[in-house]
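Engineer: Sequence unavailable; structure follows:
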Ligand SMILES: CC(=O)N[C@H]1[C@@H](OP(=O)(O)OP(=O)(O)OC[C@H]2O[C@@H](n3ccc(=O)[nH]c3=O)[C@H](O)[C@@H]2O)O[C@H](CO)[C@@H](O)[C@@H]1O
Ligand SMILES: C=C(OP(=O)(O)O)C(=O)O
C-alpha cells in the first residue's frame, strides 16, 4: 500500500495547475450514457474515481478511449444497463448511472452504494424522485432495480422537492429529466458549480434546462440527445486544498485555472485569518506569512462553506492563534482526521457535530493513517507544517480524488515522496 513521506517546514512558492473537478467529471461520464453519439470530455482529472467510473461504463458495453486528460465515450453499443457491487463499492458516485440509464433504456440495475467512512449516505431521495417520474423501483439483494411500467417508453416530467439538498440526487434528476416526457421542476436543488457544469454539458447535447445554479431548475424533456464536446470545470476543492496548504506553510503560489468565484466562503475565511487571496488573470494567487488567526466556521450547501474543505481548513485552525469552533452540518461522521491530527500535536475536542480547537505553536511529525479522501488531504497539509517526518498511510483514499497531488506539491517546493 502506497504511503506519503513528508518532511515538513518548507514554504511553498511557484505555480500549480488545478485539474478538472472530480465531482463534475463523474456525473459527466454518466451523462454520456444519455446518447448513442460520441461524447468528448476534456480536462478530465487523472484520478482513481475516474478510472473506476470508466470501468463501470465499459462494463456496460460502452466504448471509452482515454488520452492524457481527454476521454471519448461512445455509448452507442451499451448492452447491459447494470452497475455491479464490485465496482460500486469503492465509489458512491456510481449511483449517478441510475438516472441516465433509466431515461435512455427504461431500466437500470445499480448496486446500493452502502455506507462509507464519512456517514451513512442513503439514496432514498434519488429513489423517491425517480419514482415520482414514473419509475418502478425495488431494492433487492443490495441492488436498486428500476424500470418503467409496461407500455411506457419514457420517464415523465414531475415536480420534485427533496427533503434536503442533495448534490448527486439533483444530478440524477437533471439527467433523467432531459429525456423525460414533459416538464420537470426540481425544487430545493443543489447549486454547486458542478451542477451548473453538468447542465451546460447537457445543454450542449440538446437538453432544455433553465435555472441551473439556483435552487429551482426547470427541464423540458426532449426526444433524444446528441454527442458533444465539453471541458470539465476546474476542481474548486483541489484549489481550496492548495489554498489551505499555502496558508498553513506560508509562501506565495499561483493556482492556474483556479476559480475564486467558486470558493468565496473559503476565501473569505482565509482572508479573515490573515492570508492574501486574489483572483488574477487565468487563476488565483495565494500568499501568507507568519501565524494566522483561527476562524470558526460551519459547513453548508453551496454557496456555504463546503464540507469537502472542512478537514483541510481545520489544520489551519490547529496551528493558528486562538480558539475556534468547526461545525459539520452535512455528514455525521466527518471528523475522522481529528484523532490523527491529535497524534501530530493538535488540540481538538469533538462534541457531536462540533469540533473545538485550541491553536498550538507547532506540530511534530508522526505516522498517521488516512481514513477518507479529504481527511487524507488534511493530514498531508499537517505533514507539510509539522517538524520532522510525517508518514501518511492508506493514501489510496487520496488517490481517489487528487490528481498527482505529491507531484504538484513537490513542484512548489514541498519535500514529499510516495513510498510504494
Ligand atoms: C460525487 C459527489 O459529487 N460527491 C459530493 C456530493 O456527495 P453526495 O451527492 O453523495 O452528497 P449529498 O448532497 O447527496 O448529501 C447531503 C446530505 O443529504 C443526505 N442524503 C442525500 C441523499 C439521499 O437520498 N438521502 C440523504 O439522506 C446525505 O446523507 C447527506 O447528509 O455532495 C457532498 C456534499 O457537498 C460532497 O461532500 C461530495 O463530495
Ligand atoms: C466525499 C467526497 O466524495 P464522494 O462523494 O465521491 O465520496 C469528496 O469528494 O470529498
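Structural biologist: Thanks, I have it. In this text, all values refer to a predicted model and were calculated from it rather than measured experimentally. Numbers count the residues shown, from 1 in each chain. Ligands and ions are numbered 1, 2, ... in the order given.

Engineer: correct me, but residue 26 touches residue 53?
Structural biologist: Yes - at 5.5 Å, residue 26 counts as touching residue 53 under the criterion of CB atoms under 8 Å. C-beta here means a position set from N, CA and C on the backbone, and glycine is covered the same way.

Engineer: quick one: common contacting residues for the two?
Structural biologist: Both residue 26 and residue 53 are in contact with 91, 93, where contact means CB atoms under 8 Å, 6 or more residues apart in numbering.

Engineer: tell me the contacts of the residue of the stretch 301-420 of the chain found nearest ligand 2?
Structural biologist: With CB to the nearest ligand atom as the measure, residue 308 is the residue of the stretch 301-420 of the chain nearest to ligand 2, at 3.9 Å. Applying CB under 8 Å, 6+ apart, we find residue 308 in contact with 237, 240, 374.

Engineer: Also residue 170?
Structural biologist: 162, 186, 189-190, 195, 217.

Engineer: farthest pair in those residues?
Structural biologist: 162 and 195 (13.0 Å; CB to CB).

Engineer: what do those two both touch?
Structural biologist: When CB under 8 Å, 6+ apart defines a contact, the residues bordering residue 162 and residue 195 alike are 170, 189.

Engineer: and the two? which has more neighbours close in?
Structural biologist: Between residue 162 and residue 195, counting by other CB atoms under 10 Å, residue 195 is the more crowded of the two (25 against 19).

Engineer: which SS state does that one fall under?
Structural biologist: Applying DSSP: H, G, I helix; E, B strand; the rest coil to residue 195 yields a three-state assignment of helix.

Engineer: Just checking, which helix or strand of the chain averages the lowest pLDDT?
Structural biologist: Least confident helix or strand of the chain, by mean pLDDT, DSSP states H and E, is helix 85-88 with a mean of 90.

Engineer: list the helices and strands that helix packs on?
Structural biologist: Secondary-structure packing of helix 85-88 (3 or more CB pairs under 8 Å, 6 or more residues apart in numbering; DSSP states H and E): helix 48-58, strand 107-111.

Engineer: can I get those in JSON lines with mean pLDDT and distance to ligand 2?
Structural biologist: Shown next, in JSON lines, are the helices and strands packed on helix 85-88 (pLDDT from 0 to 100; distance: least, CB to the nearest ligand atom, whole Å):
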{"stretch": "helix 48-58", "mean pLDDT": "96", "distance to ligand 2": "6"}
{"stretch": "strand 107-111", "mean pLDDT": "96", "distance to ligand 2": "15"}
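
Engineer: out of these, which comes closest to residue 157?
Structural biologist: Going by CB to CB, the one of the helices and strands packed on helix 85-88 nearest residue 157 is strand 107-111, 18.6 Å.

Engineer: circling back to that earlier point, pull out the buried residues from the contacts of residue 308.
Structural biologist: 237, 240, 374 (16 or more other CB atoms under 10 Å).

Engineer: Would you mark the buried spots in the least confident helix or strand of the chain?
Structural biologist: 87-88.

Engineer: So which residues lie in contact with that helix, not counting its own?
Structural biologist: So helix 85-88 is contacted by 52, 55-56, 59, 94-95, 110-113, 142-143 (CB under 8 Å, 6+ apart).

Engineer: Quick one: name the residues of the stretch 201-350 of the chain near ligand 2.
Structural biologist: residue 308 (CB under 6 Å from any ligand atom).

Engineer: can you give me the strands in the stretch 201-350 of the chain?
Structural biologist: When assigned using DSSP state E, counting those that start in this stretch, the strands of the stretch 201-350 of the chain occupy the ranges 208-210, 216-220, 229-231, 251-256, 276-280, 283-288, 297-298, 323-327, 347-351.

Engineer: Turn these into a markdown table, including mean pLDDT.
Structural biologist: Shown next, in a markdown table, are those (pLDDT from 0 to 100):
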| stretch | mean pLDDT |
| --- | --- |
| strand 208-210 | 98 |
| strand 216-220 | 98 |
| strand 229-231 | 98 |
| strand 251-256 | 98 |
| strand 276-280 | 98 |
| strand 283-288 | 98 |
| strand 297-298 | 98 |
| strand 323-327 | 98 |
| strand 347-351 | 98 |
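
Engineer: could you dump these to TSV with distance to residue 147 and mean neighbour count?
Structural biologist: Listed next are the strands of the stretch 201-350 of the chain as TSV, based on distance: least, CB to CB, whole Å; neighbours: other CB atoms under 10 Å:
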stretch	distance to residue 147	mean neighbour count
strand 208-210	25	15
strand 216-220	21	20
strand 229-231	29	18
strand 251-256	45	21
strand 276-280	48	15
strand 283-288	46	22
strand 297-298	41	19
strand 323-327	42	18
strand 347-351	44	14
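
Engineer: can you list those in JSON lines and add distance to ligand 1?
Structural biologist: Output for the strands of the stretch 201-350 of the chain, formatted as JSON lines (distance: least, CB to the nearest ligand atom, whole Å):
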{"stretch": "strand 208-210", "distance to ligand 1": "18"}
{"stretch": "strand 216-220", "distance to ligand 1": "15"}
{"stretch": "strand 229-231", "distance to ligand 1": "17"}
{"stretch": "strand 251-256", "distance to ligand 1": "20"}
{"stretch": "strand 276-280", "distance to ligand 1": "21"}
{"stretch": "strand 283-288", "distance to ligand 1": "21"}
{"stretch": "strand 297-298", "distance to ligand 1": "13"}
{"stretch": "strand 323-327", "distance to ligand 1": "14"}
{"stretch": "strand 347-351", "distance to ligand 1": "18"}
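
Engineer: which stretch among the ones you listed comes nearest residue 364?
Structural biologist: strand 347-351 (13.1 Å).

Engineer: Output the below-cut-off pLDDT ranges for this protein.
Structural biologist: Scanning the chain for pLDDT under 70 picks out 114-116.

Engineer: and it, which of its residues are near ligand 1?
Structural biologist: 23, 26, 92-93, 119, 121-126, 164, 166-169, 307-308, 330-331.

Engineer: Kindly recompute the last result at 5 Å.
Structural biologist: Proximity of the chain to ligand 1, by CB under 5 Å from any ligand atom, involves residues 23, 93, 121-125, 164, 166-169, 307-308.

Engineer: Let me see the domain layout of this structure.
Structural biologist: Split into domains by automatic domain parsing, the chain comes to 3-19+234-419, 22-231.

Engineer: Where do the helices of the stretch 201-350 of the chain begin and end?
Structural biologist: 236-249, 264-273, 310-318, 336-343 (DSSP state H, counting those that start in this stretch).

Engineer: I'd like to know which of the ones you listed lies nearest to residue 257.
Structural biologist: helix 236-249 (8.0 Å).

Engineer: and that closest one, what does it pack onto?
Structural biologist: By 3+ CB pairs under 8 Å, 6+ apart, helix 236-249 packs against strand 12-17, helix 22-31, strand 251-256, helix 264-273, strand 283-288, helix 310-318, helix 373-385, helix 405-411.
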